[in-house]
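[1] build the 3D model from these lines:
(one chain, ligands or ions: 1)
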Amino acid sequence: MRTLLLLAALALLAMPLALASADKELRSPTIQKDGVWSHTFTTEGEYPYICTFHPNMKGRITVTANANVTGTATVDMIDNDYIPRNVQVAPGTNVTWVNLGKQPHNVRGEAPASAPAPGLLLVGAGLLGVALLLRRRGA
Ligand SMILES: [Cu+2]
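    As a prediction, the model looks like this:
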């Protein structure tokens, strides 16, 4: 009974933490014309990102051990797009964004589409429901 409540609480608590880490991974400052910013990806996964100045600017880094690209990779920023939009790299690859446009751009991570967060939320809510049901029945 207590264990169930504890598990439910932990699952619910873990959700914002998972979201926060997904968001923090990619968080460049404003990259001015001719500016560069780079980030090393160590953990396999999907890293979708946008430019907060131009929300239609969208890119994605896929980090997978199967990728052919290792070491370094470059994404050009023009007005207003990332080129290439999708890049597959191996863990440990350092990706550099280069602003070739005239406008300022940035790189800000979005929560991945396949984030574990919604699953955790469901597990947490489910455990909470079961725990409350058992309590009501006096189990
Ligand atoms: Cu932009």
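
[2] which residues in the protein form strands?
    36-41, 45-50, 58-63, 72-78, 81-83, 86-89, 93-99, 108-109 (DSSP state E).

[3] can you say which of those strands is nearest to the ion?
    Proximity to the ion (C-beta to the ion) singles out strand 72-78 among the strands of the chain, at 6.7 Å. Yep, even glycine has a C-beta here, placed from its N, CA and C like the rest.

[4] next, the angle from that closest one to strand 93-99.
    Going by axes from the mean of the first three to the mean of the last three C-alpha atoms, to 10 degrees, strand 72-78 is angled at 20 degrees with respect to strand 93-99.

[5] restricting the selection to alpha carbons, write strand 72-78 to CSV.
    Once non-C-alpha atoms are left out, strand 72-78 reads as follows in CSV (Å, rounded to 0.1, in the frame of the first residue of the first chain):
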residue,chain,number,x,y,z
THR,A,72,32.7,16.4,-35.7
ALA,A,73,29.7,17.6,-37.7
THR,A,74,28.4,21.0,-38.9
VAL,A,75,25.0,22.4,-39.3
ASP,A,76,24.7,25.7,-41.2
MET,A,77,22.1,28.3,-40.1
ILE,A,78,20.8,30.4,-42.9
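
[6] give me the angle between that strand and strand 36-41.
    Using the same axes, to 10 degrees, strand 72-78 lies at 140 degrees relative to strand 36-41.

[7] can you give me the angle strand 72-78 makes with strand 45-50?
    For strand 72-78 and strand 45-50, the angle between their directions (the same axes, to 10 degrees) works out to 20 degrees.

[8] touching the ion at all, strand 72-78?
    No: under the criterion of C-beta under 5 Å from the ion, the ion is not reached by strand 72-78; the shortest gap measures 6.7 Å.

[9] domain map for this structure?
    The record assigns the chain these domain ranges, following automatic domain parsing: 1-24+115-139, 28-106.

[10] re the thing from before, how about the strands of the chain, which one is nearest residue 25?
    The closest of the strands of the chain to residue 25 is strand 108-109. By C-beta to C-beta, the value is 5.2 Å.
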